[in-house]
Each structure stands twice: as C-alpha cells, then as structure tokens.
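[1] Build the 3D model from these lines:
(chains A, B and C)
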Amino acid sequence: MFLKDVISRLSLKAIGQFPENLNVSGIGSLQSAREDEISFVAGHKYAKWLSETKACAVIMDYESLKSGLPSGIKFVILDSKNPYLSFAEATQIFKDVSGEKNKIASDNFESRYFIGKTSVKGKNTVIFPGVFIGEGCSIGDNCRIMSNAVIGNNVIIENNAVIYPNVTVYDNSKIGNGCIIHAGAVIGSDGFGYARGKAGYVKIIHTGYAELEDNVEIGANVTIDRGAVDFTRIGAGTKIDNLVQVAHNVIIGRNCAIAAQTGIAGSSEIGDNVTIGGQVGIAGHIAVGNNVMIAAQSGVSGNVKDGEVISGSPAFSIKEWRNSAVLFKKLPELFKKIKEISKTKD
Amino acid sequence: MFLKDVISRLSLKAIGQFPENLNVSGIGSLQSAREDEISFVAGHKYAKWLSETKACAVIMDYESLKSGLPSGIKFVILDSKNPYLSFAEATQIFKDVSGEKNKIASDNFESRYFIGKTSVKGKNTVIFPGVFIGEGCSIGDNCRIMSNAVIGNNVIIENNAVIYPNVTVYDNSKIGNGCIIHAGAVIGSDGFGYARGKAGYVKIIHTGYAELEDNVEIGANVTIDRGAVDFTRIGAGTKIDNLVQVAHNVIIGRNCAIAAQTGIAGSSEIGDNVTIGGQVGIAGHIAVGNNVMIAAQSGVSGNVKDGEVISGSPAFSIKEWRNSAVLFKKLPELFKKIKEISKTKD
Amino acid sequence: MFLKDVISRLSLKAIGQFPENLNVSGIGSLQSAREDEISFVAGHKYAKWLSETKACAVIMDYESLKSGLPSGIKFVILDSKNPYLSFAEATQIFKDVSGEKNKIASDNFESRYFIGKTSVKGKNTVIFPGVFIGEGCSIGDNCRIMSNAVIGNNVIIENNAVIYPNVTVYDNSKIGNGCIIHAGAVIGSDGFGYARGKAGYVKIIHTGYAELEDNVEIGANVTIDRGAVDFTRIGAGTKIDNLVQVAHNVIIGRNCAIAAQTGIAGSSEIGDNVTIGGQVGIAGHIAVGNNVMIAAQSGVSGNVKDGEVISGSPAFSIKEWRNSAVLFKKLPELFKKIKEISKTKD
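    Residues are numbered from 1 along each chain as shown, chains lettered A, B, ... in the order given. Predicted structure coming up:
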C-alpha cells in the first residue's frame, strides 16, 4: 500500500517529503517498526523513542510535540489531533494484510464439525474442526466459528461474527452482527440463583437468555449468565475485557468499556458510555447512569448518577476519595497528634 | 399443566377465582410473563410492576403486600411466606418443559467422542461429540457430558451429573451425585506450589485429587486445584459462582454459597452454611467457621469464628466496618478539625 | 525406590535406623501417608500431627523441631535446613511413578486431531484427540498437547512443553522449552485496545504476539493478551497462578510468582524475582522493580522500586499500611475523641 493512500484514507496532514510510490507494509511501535512501516506517538511519555525509530512515517499531534522533536528526523510526520484514534484507524487499514498472513485452508473441515440437522448457516461462514452446533440455530453470513467452540440449541448468530476457539454459547443466546467473542468465554450460563429451603439450596431453573447486540466484543474467559426468566443484555458497541463476570439479568448500555476482572452482580443496569476500570465490583439490583466512570478496584454498592466519576470501596466521588486515600496513609500521624493534644489538654 | 396442580405441588394458598382447567405453560417476570404464565414478587422493590403484569397468577407474600396492591387485579394471588423459595420450586416444576424444548437427538454421537477402553459409563448417560474421556474412569447413570469436555484418567463421576461444554476434569477427580459443572470450569488442576531453590522455583508435583461431594454446582470458568498430597474438597450442596478460584488442599463445608470471582488460598478450611460475597479473598492456612457471612470484596487474613458477619480488607465485624467506612470519607474534615484545634491550642 | 536412594538424591541427613532395603512408594501428608510413604513438616503449625503419622520417614528441620518431638517416634527423620524445598525435590523424584499411573495409550489418536499441512511436530510428541493446530506451526520434541487444545497459525512451541486440555494459543505465539499451560488458559488473545471515534470505539487490530520464555507455568483459565504491535512477554522460570490477567504489551521478568486472580494492565513492566499475592491489580504503563513483594488485594498505581514490599489500594510500604489498617478500625473511637476535645475546648 502506498503511504499517500494511507494518508488520504486517514485524512491526515503529511509534514515532510516522500516519494509518490513509497510503500508501507504495516504498523510498528517506535522501537520495533521497520523502514517500510509507520508508527505513532500518543502522549509525551513515549516521545523519547522518536530519535531512534526506523519508521518511515509517524502519526503524532505535531502541535503538541514539535518543540521537543529531535533534530534531523527522517520520517514523515503524519499530523493528527487524535493520534491514538488515527493509529487505531490505521490498524484497520492493514487488517486484511495481517489477516491474509494467518489464513488457513478451510477445505475438508466439513466432516470434522457437528451441526444439528435443523440448524442453518449463511454463506462464506467458516466452521472449524471440533465445533459443535446444536439444533434450531441460525448462523449468519461471513462468520468464523473457530475450533472446539460449542454452540447450544436455538442460538441466533448474526452476520460477520467471530467466535474464537473453546467458546461456549448456551441455548437460546442471541449474538449480534459483527460481535467478537474471544477464546474460552461463556455466554448464557445459568445464573447463580437459589432459594434457601429446609434441606439446602433449591436451584432456580433459568429459562431466560443472554443477548449481545451488534458490534459487542467479549474478552477471553469472560462469563455472562443468562436471565432467570428474562434476559441479560449487552448493548451495541460495548467492549468487555478478559475474565469479566456479568450476572443474570444485568443490562449494560451501548458503547461501554469494561476492563478485566470486573464483576457485575445480578439485575443491575449500566447506562451508555460507561467506563469501568479493572477488578471493579458492582452490587446487584442497582442502577449506574450514563457516562459514568468507575476507577479500578472500586466497589459500587448503590445507584450512581449520570456523569459521576467514582472510586473506592465503597465508591464515592473520585476527588474526595483521593483526599481520603492520602490521609489514610497519615492515620498514624493523626492518632499521635490527637494523643498529644489530649495530654496537653489535661 | 393445570394451575391447580402447580398450586398443590407448591403447597400455596390461592386467593382469587380461576377455572379448574386453567393451563399454565411456564414462569415469567411481572413484565415479561404471558397470560398463560405465572409470575412472582419477592420484596417490595418490584411490586410496582404488579399493575401491568399479564401473568394469570402471581406468587407473593400477601400479608406483606396487600395494602399496596393495585385495584382491579385480574391475576390469582398465590400466597407464600417465602415467595422466592416458592418461585424456585416452581421453576423446578417447569424444568422438564423447558428441558424438552432444548432436547437434541443423541444418535450418531458414538463415533464422535473418545472414551478409554478401561473406562465405563452407566445407562442413559449421553456423551456429546468431541468429548475425551481417559482410562480407568467410571461415569454413572443419567449423566450428560457435553461437547468438548475433557475428563482425565481414573475420574469417578456419580449418577445424574451434568458436565457442560469445554470443562476439564484432571486425573483422579471425584464428582458426586447430581453435580453440575458449568462451561469452561477446571477441576483438579495442579496447585500453585513451588519451593524456591538456587536456580529458581522447584515445582511440587501434585499427587492429590479434587473432590466434589453430592449436589455441588460449579460456575463457568471456575478453577479448583487438587491437593498437593491429599485432597481439595467441596462439601455436599455447596454452590460456587463463576470465575471463583479454589486453591490446593482447601476444604469447603456443606451448603455454602460462594459468589463470583472469590479466591480461597491454599489449605484453608471453610465451615458449613457459609455465605461469601463476590471478589472476596481468603488467605491460606486459615479456618472460617460455620454460618459465617463475608461481604463482597473483603480480604480475610485470619481465622473467623462461627456465625461472624465480616467485611473489609482486612475484614472485621461488618457493623464496625460500616462505621469506619463512613468515617473514611470524612477524613479530610477530620484532619481540618485537628489542625484548627492545634492552632487554637497554641 | 529405596529410602536410602531418596536420601542420597536429596542430600539429606538421616536420623534413625532403617533397613537397607526399605522401599518407599511416594509422599503423603503427615495425616494421609501410608507406612511405605515419606512425609514432611514445614513450619511448626503442622508438627502436631507428628505423633500420629504412619509415614516411615519425615523430612523436617530437626534443629528447629527437636525440642517438641513426641517421644517414641518410629519414623526416620530426614533432616533438612529447607524442608519445603526438600519436599518439592522429593515430589520430583516420584514424578515418574505417579505419571506412569496415569499413562494413556496414544495409538489411534492420529485420525482424531487436525494439524495443518505446513506445521511440523518433533519426536515423542503426543497430540491428543480433538486438538486443532493451524498452519506454519513448529512443535518441538517430547511435548504433550492434550485434548481439545487449539493452537493457531505460526505458533512455535519448544521441546518438553505440556499444553493441557481446552487451552487456546492464538496465532504467532511463542512457547518456550518446558513450559506448562494449564486447562482453559488463553495465550495471545487480542489486547483490550480501542480508540474512541465519533460513532463508538475503533478497534486496534493487534499484530503483535505473546511469548513465554523457558520453564514458565501458566495456571488454569489464565488470559495473556498479545502485544498491540510488539509483544507481551513472560520471563523464564516465572509461575502464574489460575485466573490471572496479563494485558497487552506487559513484560514480566524471570522467576516471578504471581498468585491467582491478579491483573496486570497494559504496557507495564515487572522485574525479576517479583512475588505478587492474589487479586492484586497493577495499573498500566508503570514499572515494578526487581525483588518486589506485593501483598494480596493491593492496587499498584505507580512505579515501585527494587526490593519494596507493599500493600493496600493504593499500595504503599506494608509496614506503614499495617499501621494505617489497624487505625482504620479505630476511626469511630478517634472521631469520638475529637468531638470530646472540641467540646472541652469550647
């Protein structure tokens, strides 16, 4: 691909001369990029590597970095107000290139997977060896169901979905267009619901389902339980990192980002555009508003209003939490002072 | 199924008139139930939906809700002192109905799984495509071993067990009667045991095993390590939620409930009827008594006596912890006050 | 195996008489060991079981325990300055014995797995039924790739590696000599990287890879993401417990031990010989030095210097943290005192 075409597709401004026919083959970090690759800087922290990079072009916010640029740079500057976004878009341009490298012949797979007689699959959908698909399923076009994934009965998978190896999708789940489910994830498992009877726990048989709307991405070894009688739903465009737990009847809005190892307990509702750090715990039966941000390791035990930014366990305003966290460290000093005051007083 | 039969099986008292031959087909939430379904209210929070429900009958604690009931209700009230338990029992009644819907023909599976020549399986046990079972195993009657589950060597699985897809059971594990193991769970993996030698860590070869007693349920992607030389054991009737970690040589009592993402470190012992919230950490080599309750995100670093209710990290009495947690938020105020007092004093 | 040979291989000093031809068959705990097994005591806590053990020989630190030994002991004392290490070494001696017990015939497996035509495997490497291996892979000698594991394209696995069932290794990963990857672990999945565009998140296509150096052990259901454009690397000899999350571009040094459910966010670097407790969270883009110890449930939000021992969330010196944690419990008392002082003052 010509550099000039990359620049044009990303709507960037090039600073520096380069030949019309300069070819670029991919993207690398400042340290790893070869001479036919482009690179990027997002933020000042990594700008120190600019003097060493072999990349032929570097995406950056020129205005913010120009005063600190090393002299004699040979790369073309690809100016962007949002270099991280431009980098992400660039990776999308090279997606097919890297995809091609890893292509695998899919002939002879048909005798190597199982699909129920009443299930249907669309065109250009590749099913890998070892996959099991139950009865009554509908798999769309252009999907990839990779090795040893297991799809239960009556599951609907829309077009362009990618199911990575060893994923399990329980009965009656719905997977939207363009969803990506990483290896080992479990969609639609039984919720953790029991009533305490005289002889021990009585299991609530879960008749609900789990639904991923369009363009949801689910990380490796994530677990998403289905609804007890209704549904668990992940809104369109929401991205969930590895090892996250989503309990039964949880409803998550659109375009949320949920970092690794977070857990959301049963029946809670999360709004749109919510950002949740890693290892956060959210209690059951609460409501978290739109545009909320929750810092890593927080414990959220009550409702959260739109736009709040919170931290701590139990969580409250991150500004106040930071003040308290600093003072927690000074508790010994404080107790000493109180003791002194008490003595003086006497 | 006739409503009158459901009522009789659940030992409920019906308030309201209904035809002898009124048929019910399942259970729904107040919002989702169709006219031929029953529903339930457990607690006041969801009672607001009572005026809208289409359900023909609703399980509730009539005494506690009657003053707030909407006028002109058409559904039959199914009075229960413990509506959540009655709901759970009702789901058990409809279990077979929903199970039937998802039934899959199991013919032609036999050429599609592997079972060692010295392993035996009982009657009515269905083994799905892609399953691997090693040598010396004994699988009981009426079990379902679902697709791509892997059972090692010398494993004993008692009657009526359900092993979901992609589960791995290591060598020498014992799975009791009626156990349910959800997708992706790992039973009997090597414990995290090493001694530090001069050249790095020396691995302790684990010769023990993991045991689930009867009616244990294990959530998706849970990990349970086997004993180093002895065993790891989960007591009868205990329920473990998704993504929980149980380390080597842990012994958990009967009828415990352990919520998602909790971790229990090596050699600790948990009593009977213990309830553990999500994301709790329990240190190694400690003892937690019977009937203990541990709040979510707690860190338990020492022994806990029977009946204690604890919270925090490190955890202590939940009452005291709540007081401290409220004051943590007020630390800035406190430090300010101290400063003022100090000044005044001078 | 003769006891005298075990003693010689472990370089222990025997205290007590025993026949030349005394045979030992394995290792047990003090409580479980049979008369032809050896046992061990590491620390005083479990020494109480010494009076009951049936073991014919017990590894211990004689100097430290001799004053408390029960009278009339029949077992041979195997004196060791580091009994836990000697025990670990002893398990290694008996490794082959216990391995033999679980051996499985590997004939007839070849028609039951899939390996790409351009992939190669070394000698004595056993591939189990249901395994999928893509194109361009190189698998070394003496490896075991167990049932339903899935290996992508262009993966390199060195000699003597063990891949347990249901593991997924993504394209381009590198697995070093002697690595052990437990069931359900995922190596090389997409990092959680998106840029926020106008219409939602734009995914960063990850072209990097994940690398495990030699003798790394990875626990069950662990997730290790690959680098965005470079790599994620786990240093030689490092041991990672179950359900740990390692994000994209993380670099972990040699001989670290990372306990269960810990998460390390993107681009952070961990030094050599670092010990990390369970459920720890480490923020992204930070550096943790060599020989650092991090207590369980800590949250590490900034750089950590060589040799530091830290605790808390946010984490700081464990000594100071312990002081503060004790006083957190006394906050109600403190607030009461302040109130009293304020009153008196007025």
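
[2] C-alpha only now, for contacts and for neighbours.
    Fine.

[3] Quick one: neighbours of residue A:52, just the number.
    12 (other C-alpha atoms under 10 Å in any protein chain shown).

[4] Give the closest residue to it in space, chain neighbours not counted.
    residue A:31 (7.0 Å; C-alpha to C-alpha, 6 or more residues apart in numbering or on different chains).

[5] Tell me if I'm right that the one you found and residue A:53 touch.
    Yes - Residue A:31 is in contact with residue A:53 according to C-alpha atoms under 8 Å; the separation is 5.6 Å.

[6] Give me the more crowded residue out of the two.
    Taking neighbours as other C-alpha under 10 Å, residue A:31 and residue A:53 compare with residue A:53 leading, 23 against 16.

[7] Hmm, residue A:272 and residue A:291 touching each other?
    Yes - using C-alpha under 8 Å, residue A:291 is in contact with residue A:272, at 6.3 Å.

[8] Can you name the residues of the stretch 101-250 of chain A sitting close to chain B?
    A:114, A:130, A:132, A:134-135, A:148, A:150, A:153-154, A:166-168, A:171, A:184-186, A:189, A:192, A:194-197, A:200-207, A:221, A:223, A:229-230, A:243, A:245 (C-alpha under 8 Å from any C-alpha of the partner chain).

[9] Please produce a ChimeraX select command covering the buried subset of those residues.
    Only the buried members of these end up in this ChimeraX selection, burial being decided by 16 or more other C-alpha atoms under 10 Å in any protein chain shown:
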select /A:114,130,132,134,135,148,150,153,154,166,167,168,171,184,185,186,189,192,194,195,200,201,202,203,204,205,206,207,221,223,229,230,243,245
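
[10] Could you list which of the residues of the stretch 101-250 of chain A next to chain B belong to strands?
    A:114, A:132, A:150, A:168, A:186, A:189, A:194-197, A:200-203, A:223, A:245 (DSSP state E).

[11] pLDDT weak spots in chain A?
    For chain A, the stretches flagged by pLDDT under 70 are A:96-107, A:345-346.

[12] Smallest gap between the stretch 201-346 of chain A and chain C, at which residue?
    Residue of the stretch 201-346 of chain A nearest chain C, by C-alpha to the nearest C-alpha: residue A:331 (5.6 Å).

[13] which ones are touching that residue?
    Neighbouring residues of residue A:331 by C-alpha atoms under 8 Å, 6 or more residues apart in numbering or on different chains: C:323, C:324, C:327, C:328.

[14] Same question for residue A:301.
    Residue A:301 neighbours (C-alpha under 8 Å, 6+ apart): A:282, A:283, A:284, A:286, A:314, A:315.

[15] So the fifth one versus residue B:121, what's the distance?
    Just to be clear, that refers to residue A:314. 50 Å (C-alpha to C-alpha, to the nearest Å).

[16] just checking, residue A:217 touches residue A:177?
    No - with contact defined as C-alpha under 8 Å, residue A:217 does not reach residue A:177; the gap is 10.8 Å.

[17] So which of those two has more stuff around it?
    Neighbours were counted for residue A:217 and for residue A:177 using other C-alpha under 10 Å; residue A:217 has more, 25 against 21.

[18] so what's the more buried one bridging to?
    Residue A:217 has these beta-bridge partners by DSSP bridges: residue A:180, residue A:239.

[19] Kindly provide the distance from residue A:28 to residue C:229.
    Applying C-alpha to C-alpha to residue A:28 and residue C:229 gives a distance of 5 Å.

[20] which SSE is residue A:85 in?
    Assessed by DSSP states H and E, residue A:85 sits inside helix A:83-93.

[21] can you list contacts of that helix?
    A:6, A:10, A:26-27, A:39-42, A:59-61, A:80, C:194-197, C:202-206.

[22] need the longest helix for chain A.
    In chain A, assigned by DSSP state H, the helix with the most residues is helix A:331-345.

[23] buried stuff in that helix?
    Buried, per 16+ other C-alpha under 10 Å, within helix A:331-345: A:331, A:332, A:334, A:335, A:338, A:341.

[24] Can you get me the start-to-end distance on stretch A:233-244?
    Stretch A:233-244 end-to-end distance (C-alpha to C-alpha) = 14 Å.

[25] Hmm, residue A:342 is touching residue C:339, no?
    No - at 11.7 Å, residue A:342 does not count as touching residue C:339 under the criterion of C-alpha under 8 Å.

[26] and the residues of the stretch 101-250 of chain A next to chain B near chain C, which?
    Checking these against chain C (C-alpha under 8 Å from any C-alpha), the matches are A:130, A:148, A:166, A:184, A:221, A:243.

[27] Including distance to residue B:298, could those go into CSV?
    CSV is the format used below for those (distance: C-alpha to C-alpha, whole Å):
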residue, distance to residue B:298
A:130, 41
A:148, 37
A:166, 32
A:184, 28
A:221, 24
A:243, 19
